[in-house]
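Asks: Pasting a predicted model and its sequence here:
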Amino acid sequence: MNEEKLRRLRHRTKVHFDASRREHQNALRALWSATYPDRELQIFVSDQWKEMGWQGKDPSTDFRGACFISLENLLFFAKTFSPSFQSLLRKKTGKRADWEYPFVVVGVNVTFMIMQMLDLDASKMNE
């Protein structure tokens, strides 16, 4: 049973984010809605994404090696632990610095680091 879960998890790490796939676009829109339920995303490629902590107008450029699973993790965090997600996003506690970390990009990088620490490289599935 655990081996099957590990196999499925490794398979999910092979799914790269693809902005041309409607499922992936919808997941990004869902993250926007979970983050800003009272604000509409005007257009898909927009400066609005920077408010969430993406590095540019097009969040799809920030995934790189972390794959679609990193977006799934962010969406899970935003929906399941909304108060914590919102608190970290808006840094409601502590002193604000002149320079703030790009919140969602940190989330993408955390997923990537976990994939590495757990040795989830999908190319090793048959080893």
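Replies: Now that the structure is in, tell me what you want to look at. Residues are numbered from 1 along each chain as shown.

Asks: quick one: which helix or strand includes the residue nearest the centre of the chain?
Replies: In the chain, the centroid-proximal residue (Cα atoms, centre = their mean) is residue 71; its distance is 3.0 Å. Using DSSP states H and E, residue 71 sits within helix 67-80.

Asks: which element follows that helix toward the C-terminus?
Replies: Where DSSP H and E defines the elements, the next helix or strand beyond helix 67-80 is helix 82-90.

Asks: Could you name the helices and strands sitting against that next one?
Replies: Contacts defined by 3 or more Cβ pairs under 8 Å, 6 or more residues apart in numbering; DSSP states H and E place helix 82-90 against helix 22-35, helix 67-80, helix 103-117. All C-beta atoms are positioned from the backbone trio N, CA, C, and that covers glycine.

Asks: Apart from its chain neighbours, what residue comes closest to the residue nearest to the centre of the chain?
Replies: residue 27 (5.3 Å; Cβ to Cβ, 6 or more residues apart in numbering).

Asks: The one you found contacts residue 75, correct?
Replies: Yes - Residue 27 lies in contact with residue 75 (Cβ atoms under 8 Å); the separation is 6.0 Å.

Asks: which regions of this protein sit below the pLDDT cut-off?
Replies: 92-100, 122-127 (pLDDT under 70).

Asks: Adding distance to residue 61, write the helices and strands packed on helix 82-90 out as TSV.
Replies: Formatted as TSV, those follow (distance: least, Cβ to Cβ, whole Å):
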stretch	distance to residue 61
helix 22-35	12
helix 67-80	13
helix 103-117	10
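
Asks: check contacts around residue 79.
Replies: Contact partners of residue 79, counting by Cβ atoms under 8 Å, 6 or more residues apart in numbering, are residue 34.

Asks: Can you tell me how far it is from residue 3?
Replies: The gap separating residue 79 from residue 3 is 29 Å, by Cβ to Cβ, to the nearest Å.
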